[in-house]
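A.B. asks: what's the 3D shape of this:
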Amino acid sequence: MKYSRRTTPLKQTEIQGHHCSVDVRLEKLSKVAFFRELQQEQLDKINEHFRAAHIQKGEPVYHQGEEAKQLFVVVHGAVKLIHHTTEGKDILMDLLKPGEYFGGLPVLGDENYAETAYAQMTSCVLSIGAVDFEQVLHANPSVAVNLIEITTRRLKQARHRIHQFTTWPVEKRITSVLLMMGEKFGEDRKDGILIQVPFSRKDLADMTGTSSETASRIMRTFQDEGLIRSGRGWVAISDAEKLKQRYISDG
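C.D. replies: Purely as a prediction, here's the structure:
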């Protein structure tokens, strides 16, 4: 299948109530890293502590610097995390899929939100406050243990991101983000991996520490080499392995 550069394979639909149904909520909560080992009965009780909210595309969930009062879980859609630097630059730290968590609480060592969270597309998110989350921890000791491991892992990932920004050439950074997006949001098709979430050149530039113009130029190079296809609001990776070997692998 070929995708026209003037059209998009993305289907824009309004969020429906079933996207935040109890069954969907439980399914996504079971994918949250620190809840994965819990039994269904435990998840049922945990779900009672969460509140659901629909966030329209482009609307903020919270702003950087605000007091950290809520932990959130993406149930439907996608949420992007933007860090505003003291130099006035915006860095896209991550793009989150359903089942991933964000936000912060004092019990997790967060006094203030370290980034601004926006709905990348119309989304449903669950939220839990400090008192409720502490009740969850007391009732499920394994969650507290998992939190320590996950926090350590996230710190390592953050250091790796910093290493990428400071040492990797921009082509390698863009390749890394495309492959990550393919893993998170990609749909396997006969002719490649279609990334099913709107992701602009500015998003790509913000996530790789470069300009929109440079990101666009490199994406055109990748397209000319037959490694990707792209259009308005979508990207398809034609050959992920070849892309990785050409721009990620050393040697």
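A.B. asks: who's residue 78 bridged to?
C.D. replies: residue 121 (DSSP bridges).
A.B. asks: ok, it to residue 95 distance?
C.D. replies: Remark: distance between residue 78 and residue 95 (CB to CB, to the nearest Å) = 6 Å. (C-beta placed from N, C-alpha, C; glycine too.)
A.B. asks: residue 121 - how many residues pack around it?
C.D. replies: Per other CB atoms under 10 Å, the neighbour tally for residue 121 reads 20.
A.B. asks: tell me which element the nearest residue to residue 59 once chain neighbours are set aside falls in.
C.D. replies: Closest residue to residue 59 apart from its sequence neighbours, by CB to CB, 6 or more residues apart in numbering: residue 119 at 5.4 Å. Assigned by DSSP states H and E, residue 119 belongs to strand 116-129.
A.B. asks: all strands for this protein, in order.
C.D. replies: Assigned strands in the chain, in chain order: 51-55, 60-62, 70-84, 90-96, 101-103, 116-129, 186-189, 192-195, 228-231, 234-237 (criterion: DSSP state E).
A.B. asks: any idea which residue is closest to the centre of the protein?
C.D. replies: The C-alpha lying nearest the average C-alpha coordinate of the chain belongs to residue 96 (CA atoms, centre = their mean; 1.8 Å).
A.B. asks: same for the least confident helix or strand in the chain by mean pLDDT, what does it pack against?
C.D. replies: Of all helical and strand segments in the chain, the minimum by mean pLDDT, DSSP states H and E falls on helix 141-167, at a mean of 81. Other helices and strands packing on helix 141-167, by 3 or more CB pairs under 8 Å, 6 or more residues apart in numbering; DSSP states H and E, are helix 130-139, helix 170-185.
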